[in-house]
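Colleague: what would the 3D arrangement of this be:
(chains A and B, ligands or ions: 2)
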Amino acid sequence: MNIVVCVKQVPDPEQPASNLRVDANGRRVTGDPNVRPVINGYDENAVEAALRLKEAQGGKISILSVGAESARDVIKHALSMGADEGYIVEDPALSEADPWMIASALGAAIGKIGDTDLVLCGRQASDDDNGQVGPTLAEVLGLPCVTVLRAIQAQNGSLRVEQLIPDGFRAFQVPLPALLSISNEYGKPRYPTTRGIMLAARKQITSWSAADLGLGPEASKPRLQHVRYFIPARESRVEFITGETLEEAGEKLALRLREEKLI
Amino acid sequence: MAQQGGVLILGEVAEGQLAPATLEVLGIGRKLADQLPGPLGIAILGRGVGALANDAIAYGADVVHVVDHAAVADFTSDAYVGTTERIAKDVKPSILLLAHTANGREVGPRLAVRLQTGQASDCIEFSLENGRLTATRPCFGGAIRQTVTWPEGAAPQFATVRPKTFDQAQRNPGRQGEVISVSATEAGATRFLEQKQEPTEGVKLEDAEIIVSGGRGLGNADNFKQVEELAKVLGAAVGASRAIVDEGWVPYAYQVGLTGKTVSPNLYIAIGISGASQHMAGCAGSRVIVAINRDESADVFKYARFGVVGEYQKILPAFQRKVQELLGG
Ligand SMILES: Cc1cc2nc3c(=O)[nH]c(=O)nc-3n(C[C@H](O)[C@H](O)[C@H](O)COP(=O)(O)OP(=O)(O)OC[C@H]3O[C@@H](n4cnc5c(N)ncnc54)[C@H](O)[C@@H]3O)c2cc1C
Ligand SMILES: Nc1ncnc2c1ncn2[C@@H]1O[C@H](COP(=O)(O)O)[C@@H](O)[C@H]1O
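Modeller: Ligands and ions are numbered 1, 2, ... in the order given. All right, here's what the predicted structure looks like:
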């Protein structure tokens, strides 16, 4: 089974929210420059899913990212986990792209990689939180798609997948080729081994520009316009309940909540 | 084919009724439609959903497109996208809305491609000026807001709506509307197999007046019992942070947050939870948040109305005893 996993580089979501800054005209959000950007967490789960499918079925795993030069780091990370090939689409024209433009570029790149049975994405990117590129790409490629998965099983030529829903899951049977998006409930991604890191270091990443992909005018026109980013105003108005001892503070909390008719 | 322009909603049915999230979309949809020349339409897909048409009208719809067909009896985005694409191309709404639920997340982006428009995800605010829609949505795990709009003349202006953000539409049984029966597009390549939902014990998170939630600060899985005990005393539902769902202390169904449940109880008690934006994204709409955390600089106190700083092991038992006493139990 030949699998393409789409991975995005994002600011580390574990850094405190207070690190995040919006520039003066609301166009960009940046994290602490000393905290290294990472592979989007769900995309790492998707790489793990690809590796397990390959272990069961054989085949080849290609890692694909649209991003800046630094996105090579997250491609290398996926390669060091055990993926086979890396592809990057680097183009300033895509630096502020909307989900449609990203999906169009990914679609064209997947066409160029060729011979793909399965495309995997993360459920959403932890920076834009859109959750759109996966299903948009499915349409661009004309593939069936099921999103936010917690399990995938290959069974003679098709897949049985489980989608997360509140309080449970729904199962679907999907023929190949298909596009799936993965949630963290799928399972923890493996750590790269030393050997994996060495192998990845030697691999060449194929780089394409928008022109290499032959993206037409329709694919280069955003369908959603960014107006601005801003940090929501939040006024802290916490009342700390204290006491001689913590036990007393606990009791006073109960009394205070009673006073407010909250319990 | 009657509706032209206006607002079109793709409805969802849950347990034989219009889903609560859809009633919320009807609420905001009605407000937007009132500022536009066209009507408020809603498409309802499923088996035996015809009976819900009058309900949808009572909740503010002017036109109901009923798709009562075997192909859409169970959800698959293949069949839903194909069917709703036809309806949307027919009625040409200026605004298209659906709830940001498991269905909406999958249908929305696919439908947007078919309609050659852009879709804004998980919106929490809308404003309409001269027919031009602007939407605001949380991103960066809830720490940042993004405002977006659609290119001049784009139609439909398409958005998914975050559940538990807008008030449900008012029900008015006397309202009149039009019901149109539409056939479904045949099911696509994906086949629905089964659905399993574990019934929650006790109070459901979504409906709870009070929620007690635990996080990694509890120390281990066993200590989560204390959260459950307190919840029992308060008649509350039990929630959790993703950290302890990932640890396997509690099932995913307990998770509150960006990628878990969105809740808005009267009272939300967070114990040993740091207050990461991704967690707070799911509970910041609570009327009152109470936090118990040993770190006074924890972000959770930025959202809390009341806080106690210290080891929960000391605070919680005393708090619970007092609550029991006050409730006469
Ligand atoms: C894309 C994405 C989506 C996410 N979605 C969600 C989501 O839906 N829901 C969610 O919850 N998280 C989500 N997260 C994770 C989130 O970023 C945090 O990692 C998580 O919420 C932290 O859980 P926690 O507060 O339990 O743990 P921690 O952050 O480790 O906090 C533990 C807290 O307990 C306190 N503590 C420790 N010991 C004690 C004690 N004895 N008494 C009192 N207090 C004590 C500590 O001071 C600390 O504040 C998401 C992350 C990403 C990147
Ligand atoms: N620039 C990108 N390069 C590669 N894959 C991406 C990119 N942006 C998004 N994706 C994929 O699409 C998923 C959803 O992203 P989003 O719609 O931005 O939330 C991510 O988890 C990735 O798998």
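Colleague: helix or strand for residue 233, which one?
Modeller: You didn't pick a chain, so chain A it is. Per DSSP states H and E, A:A233 falls between elements, in no helix or strand.
Colleague: not quite, go with chain B.
Modeller: Here B:V233 sits within helix B:224-234, counting by DSSP H and E.
Colleague: what sits closest to B:Q116 if chain neighbours are left out?
Modeller: In space, and not counting its chain neighbours, B:Q116 is closest to A:R223: 7.4 Å by CB to CB, 6 or more residues apart in numbering or on different chains. Every C-beta, even on glycine, is put in place using the N, C-alpha and C of the backbone.
Colleague: with just CA atoms, put the helix or strand just after the helix holding B:V233 into PDB.
Modeller: Later in the chain than helix B:224-234, the nearest helix or strand by DSSP H and E is strand B:237-240. Output of strand B:237-240 as PDB, limited to C-alpha atoms (Å, rounded to 0.1, in the frame of the first residue of the first chain):
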ATOM      1  CA  ALA B 237     -21.300  15.300  35.800                       C
ATOM      2  CA  VAL B 238     -17.700  14.300  35.600                       C
ATOM      3  CA  GLY B 239     -15.200  15.700  33.200                       C
ATOM      4  CA  ALA B 240     -11.400  15.500  32.500                       C
END
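Colleague: tell me which residues are up against strand B:237-240.
Modeller: Contact with strand B:237-240 is made by B:200, B:202-205, B:207-208, B:210-215, B:224, B:227-228, B:231, B:249-250, B:254-256, B:261, B:263, B:265, B:268, B:283, as judged by CB atoms under 8 Å, 6 or more residues apart in numbering or on different chains.
Colleague: now the helix or strand just after it: mean pLDDT?
Modeller: Beyond strand B:237-240 on the C-terminal side, the first helix or strand identified by DSSP H and E is helix B:242-246. Mean pLDDT, computed over helix B:242-246, is 96.
Colleague: can you give me how far helix B:242-246 is from the chain middle?
Modeller: Averaging C-alpha positions (CA atoms, centre = their mean, to the nearest Å) puts helix B:242-246 21 Å from its chain's average.
Colleague: just the CA atoms of that helix, as CSV, please.
Modeller: Provided in CSV are the C-alpha atoms of helix B:242-246 (Å, rounded to 0.1, in the frame of the first residue of the first chain):
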residue,chain,number,x,y,z
ARG,B,242,-6.9,15.5,27.7
ALA,B,243,-3.8,14.8,29.7
ILE,B,244,-5.5,12.1,31.8
VAL,B,245,-7.5,10.8,28.9
ASP,B,246,-4.2,10.3,27.1
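Colleague: what's in contact with that helix?
Modeller: With contacts defined as CB under 8 Å, 6+ apart, helix B:242-246 is touched by A:184, B:214-216, B:218, B:221, B:224, B:250-252, B:254-255, B:257, B:259-260, B:278-279.
Colleague: following element in sequence after that helix, please.
Modeller: Sequence order places strand B:267-271 as the next helix or strand after helix B:242-246, per DSSP H and E.
Colleague: got a list of what the residue in the stretch 51-200 of chain B positioned nearest to chain A touches?
Modeller: Residue nearest to chain A within the stretch 51-200 of chain B: B:G118 (3.1 Å; CB to the nearest CB). By CB under 8 Å, 6+ apart, the residues touching B:G118 are A:98-100, A:222-225, B:112, B:150-151, B:154, B:158.
Colleague: mark which of those residues are buried, thanks.
Modeller: The neighbour count (16 or more other CB atoms under 10 Å in any protein chain shown) marks A:98-100, A:223-225, B:112, B:150, B:154, B:158 as buried among the contacts of B:G118.
Colleague: among those, which lie within strands?
Modeller: Counting by DSSP state E, the buried ones among the contacts of B:G118 place A:225, B:158 in strands.
Colleague: quick check, nearest of the buried ones among the contacts of B:G118 to A:M198?
Modeller: Closest to A:M198 out of the buried ones among the contacts of B:G118 is A:P99 (35.8 Å), distances taken as CB to CB.
Colleague: now the helices for the stretch 101-250 of chain A?
Modeller: Remark: helices assigned in the stretch 101-250 of chain A by DSSP state H, counting those that start in this stretch are A:133-141, A:194-202, A:210-213, A:246-259.
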